[in-house]
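Student: predicted structure and sequence below. I'll ask about it afterward.
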2 protein chains.
Amino acid sequence: MANFDTDFNNFYMHMALAEARLAYLEGEVPVGCVIVNHLTNTVISSAHNMSQQGNNPNLHAEMIAIDMACKKINNKTLLNCDIYITLEPCTMCASAISNARIARMYYAASDEKQGAVENGVRFYTTNSCFYRPEIYSGIQRLESETIIASFFSKLRKNKL
Amino acid sequence: MANFDTDFNNFYMHMALAEARLAYLEGEVPVGCVIVNHLTNTVISSAHNMSQQGNNPNLHAEMIAIDMACKKINNKTLLNCDIYITLEPCTMCASAISNARIARMYYAASDEKQGAVENGVRFYTTNSCFYRPEIYSGIQRLESETIIASFFSKLRKNKL
């Protein structure tokens, strides 16, 4: 029997992976993100990393998706909203996700170098963190890792 | 004899404090920020906290100023740029300042609760931090502390 919750989680993570693939095609580090209202199962926003084309290091997928979601629902707290991300968020994004009061965070691959959840500053375990979402990792991990590995492999080849 | 560098630092911090006062008048937590090209002594951007009126928790003074500066110089790295902030940056902003490769950070007051430089995650001392600006704190500290204390005192009175 299918697990209803898991099916939804897979569905939204597939959407986030589609965003990551768009980023890949645009020459961006392939990270995608989707914000969903889990009461209505409505996608509130969907974005991918745009730092290169936007000439702005703040334009990570999560930051854009939070900006869009706040505009859409005209509220600075994203209550009842979950975030699906293809990569463990960095320090900036982990803090932004906390500030936005997002209920649950799902991410696919871990990021040993820049991640801030299970790696790095482990932001949600610190005293500076005043709100911690529920955290689930590893959904579609391999798919995300493959896209990222492919991107960096292409990047290295082009530089040789 | 006047110290040329210190005079400039005071001048830009006064600009940042003027932004903080604007935030105060707009009912925002009074934090202001100025980004300056230190080779040309040109103000690149100037902003204050707009989280409440923008309905967006990402709209800290530093994030807005970095966005504006990147747009203005059409570059995602703010080389030769310094940032003047009236309060120790939070985790999100400390990480964003590192990502933008800002040369020097000057801040006025410390923030024991949400700061991420000398408090909290002390981001620039961690292995997740791949670029660390030069850091100077305490310029116009009392002025900034007075504005912030006044804001929170007013907030408490209005809530009673």
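Tutor: That came through fine.

Student: going forward, measure contacts and count neighbours with C-alpha atoms only.
Tutor: OK.

Student: run the chain-centre distance for the least confident helix or strand in chain A by mean pLDDT.
Tutor: Sorting the helices and strands of chain A by mean pLDDT, DSSP states H and E puts helix A:4-25 at the bottom, at a mean of 89. Relative to its parent chain, helix A:4-25 has a centroid offset of 10 Å by C-alpha atoms, centre = their mean, to the nearest Å.

Student: mind listing what's buried along stretch A:101-117?
Tutor: Residues of stretch A:101-117 classed as buried by neighbour count (16 or more other C-alpha atoms under 10 Å in any protein chain shown): A:101-111, A:114-117.

Student: with stretch A:125-137 instead?
Tutor: For stretch A:125-137, by 16+ other C-alpha under 10 Å, it's A:128-129, A:132-133, A:137.

Student: hmm, back to that, from the buried residues of stretch A:101-117, pick the one nearest residue B:59.
Tutor: For these, the minimum distance to residue B:59 (C-alpha to C-alpha) is 14.8 Å, reached by residue A:101.

Student: didn't residue A:80 look like it was pressed against residue A:102?
Tutor: Yes. With contacts counted by C-alpha atoms under 8 Å, residue A:80 reaches residue A:102, the gap being 7.1 Å.

Student: neighbours around residue A:89, how many?
Tutor: Counted with other C-alpha atoms under 10 Å in any protein chain shown, residues neighbouring residue A:89 total 27.

Student: over to the residue sitting nearest the centre point of chain A. Which of the three states is it?
Tutor: Centroid-nearest residue in chain A, with C-alpha atoms, centre = their mean: residue A:85, separated by 2.5 Å. Classification of residue A:85 using DSSP: H, G, I helix; E, B strand; the rest coil returns strand.

Student: contact partners for it?
Tutor: By C-alpha atoms under 8 Å, 6 or more residues apart in numbering or on different chains, the contact list for residue A:85 reads A:13, A:16, A:31-34, A:62, A:105-108.

Student: how about 7 Å then?
Tutor: Contacts for residue A:85 (C-alpha atoms under 7 Å, 6 or more residues apart in numbering or on different chains) come out as A:16, A:32-34, A:106-108.

Student: now secondary structure and distance to residue B:38 too, for those residues, in TSV please.
Tutor: What follows is those, written out as TSV (DSSP: H, G, I helix; E, B strand; the rest coil; distance: C-alpha to C-alpha, whole Å):
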residue	secondary structure	distance to residue B:38
A:16	helix	40
A:32	strand	36
A:33	strand	36
A:34	strand	39
A:106	strand	42
A:107	strand	40
A:108	strand	41
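
Student: okay if I get those as a markdown table plus distance to residue A:24?
Tutor: A markdown table is the format used below for those (distance: C-alpha to C-alpha, whole Å):
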| residue | distance to residue A:24 |
| --- | --- |
| A:16 | 13 |
| A:32 | 10 |
| A:33 | 14 |
| A:34 | 16 |
| A:106 | 21 |
| A:107 | 18 |
| A:108 | 16 |
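
Student: near chain B, list only the ones from these.
Tutor: Restricting these to those touching chain B (C-alpha under 7 Å from any C-alpha of the partner chain) yields no residues.

Student: ok, of these, which one's closest to residue A:54?
Tutor: Distances from residue A:54 to the contacts of residue A:85, taken by C-alpha to C-alpha, are shortest for residue A:32, at 15.6 Å.

Student: and the closest one, how close does it get to residue A:17?
Tutor: 6 Å (C-alpha to C-alpha, to the nearest Å).

Student: and those two? Which one has more around it.
Tutor: residue A:32 (30 against 27).

Student: for the more buried one, what are its contacts?
Tutor: Applying C-alpha under 7 Å, 6+ apart to residue A:32 gives the contacts A:16-17, A:19-20, A:47-49, A:61, A:85-86.

Student: got it, and residue A:68?
Tutor: Contacts of residue A:68 by C-alpha under 7 Å, 6+ apart are residue A:45.

Student: please identify which helix or strand holds it.
Tutor: helix A:61-73 (DSSP states H and E).

Student: how about the CA coordinates for that helix, as CSV?
Tutor: Written as CSV, here are the backbone C-alpha positions of helix A:61-73 (Å, rounded to 0.1, in the frame of the first residue of the first chain):
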residue,chain,number,x,y,z
ALA,A,61,17.1,28.8,-4.2
GLU,A,62,15.9,28.9,-0.6
MET,A,63,16.2,32.7,-0.3
ILE,A,64,14.4,33.3,-3.6
ALA,A,65,11.6,30.8,-2.6
ILE,A,66,11.1,32.5,0.8
ASP,A,67,11.0,35.9,-0.9
MET,A,68,8.4,34.7,-3.4
ALA,A,69,6.3,32.9,-0.7
CYS,A,70,6.2,35.9,1.6
LYS,A,71,5.1,38.1,-1.3
LYS,A,72,2.5,35.6,-2.3
ILE,A,73,0.8,35.1,1.1
